[in-house]
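Q: sequence and computational prediction follow.
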Amino acid sequence: MNSELERKNKRTVKVLLGLVFLMFLFAAALIPLYDILCEITGINGKTKKDISSLTYKVDSERQVTLEFVTTVSATTGMLFKADQYEIKVHPGEKITAWFTAKNKTTQRITAKASPSFTPGITAGYVKNIECFCFSNQIFEPGETKHLKVQLIVDLALAIDFKRITFGLTYYDITH
């Protein structure tokens, strides 16, 4: 009887360890799945590079203020700022914003910028035409780069939105 109980206990431990392993795999898979979902739906201010549905007609009767906010993750040895704090834009008008990033370390850094919009619902109405955030950037020690973003506010944006915050956060992804 004792060996029977021992066999059942070993089986239970194996099943529980398998469940723990599956939970870790599921948790690791959630991050990329969440990013994909956010990019497709525009949830959480994530953006996608899609300008196919835009017309370039400019609505000169309306004006929206695009505010630029920059941050750097705690472990990234960089300085990062928008060259202009805000730009006033008419829906349908293509604007260019410039950012300055500097590697303040003595090491080569590979960095990636992650964009977002606030309020999050506006992410579907502001299109990134060109952005350094679409690819990784390599910074040599002490190197400064001037980086460009081109945006268009869609004409379909609700008239209630007068101010949109475009945030960019740089992360060190050097391996």
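A: Nice, thanks for sending it over. Numbers count the residues shown, from 1 in each chain.

Q: which residues of this protein fall in helices?
A: For the chain, the helices defined by DSSP state H cover 2-41.

Q: got the domain boundaries for it?
A: The chain breaks down into these domains under automatic domain parsing: 2-41, 48-172.

Q: can you lay out those as a markdown table showing mean neighbour count?
A: Any C-beta I mention is one placed from the backbone N, CA and C, and that applies to glycine too. Formatted as a markdown table, those follow (neighbours: other Cβ atoms under 10 Å):
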| stretch | mean neighbour count |
| --- | --- |
| domain 2-41 | 10 |
| domain 48-172 | 16 |
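
Q: let's have these in JSON lines, adding mean pLDDT.
A: Below are those laid out as JSON lines (pLDDT from 0 to 100):
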{"stretch": "domain 2-41", "mean pLDDT": "82"}
{"stretch": "domain 48-172", "mean pLDDT": "90"}
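
Q: where along the chain do the strands fall?
A: Using DSSP state E, the strands of the chain run over residues 64-72, 78-82, 86-89, 94-103, 109-118, 126-131, 137-139, 144-153, 163-172.

Q: nearest to residue 33, of the ones you listed?
A: When the strands of the chain are compared by Cβ to Cβ, strand 109-118 sits nearest residue 33, at 16.4 Å.

Q: what lines up beside the closest one in the sheet?
A: When pairs are called by DSSP bridges, strand 109-118 turns out to pair with strand 137-139 (antiparallel), strand 163-172 (antiparallel).

Q: with distance to residue 4 added, can I get those in CSV?
A: Listed next are these as CSV, based on distance: least, Cβ to Cβ, whole Å:
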stretch, distance to residue 4
strand 137-139, 62
strand 163-172, 54
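
Q: residue 95: which of the ones you listed is closest?
A: Evaluated over the strands paired with strand 109-118, closeness to residue 95 peaks at strand 163-172, with 10.4 Å, by Cβ to Cβ.

Q: then that closest one to PDB, C-alphas only?
A: What follows is strand 163-172, C-alpha atoms only, in PDB (Å, rounded to 0.1, in the frame of the first residue of the first chain):
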ATOM      1  CA  ARG A 163      -4.800  67.500 -28.100                       C
ATOM      2  CA  ILE A 164      -3.000  64.200 -28.700                       C
ATOM      3  CA  THR A 165       0.100  63.100 -26.900                       C
ATOM      4  CA  PHE A 166       2.600  61.100 -29.000                       C
ATOM      5  CA  GLY A 167       4.900  59.200 -26.600                       C
ATOM      6  CA  LEU A 168       8.200  57.500 -27.500                       C
ATOM      7  CA  THR A 169      10.100  55.400 -25.000                       C
ATOM      8  CA  TYR A 170      13.600  54.200 -25.800                       C
ATOM      9  CA  TYR A 171      14.800  50.800 -24.600                       C
ATOM     10  CA  ASP A 172      18.300  49.300 -24.600                       C
END
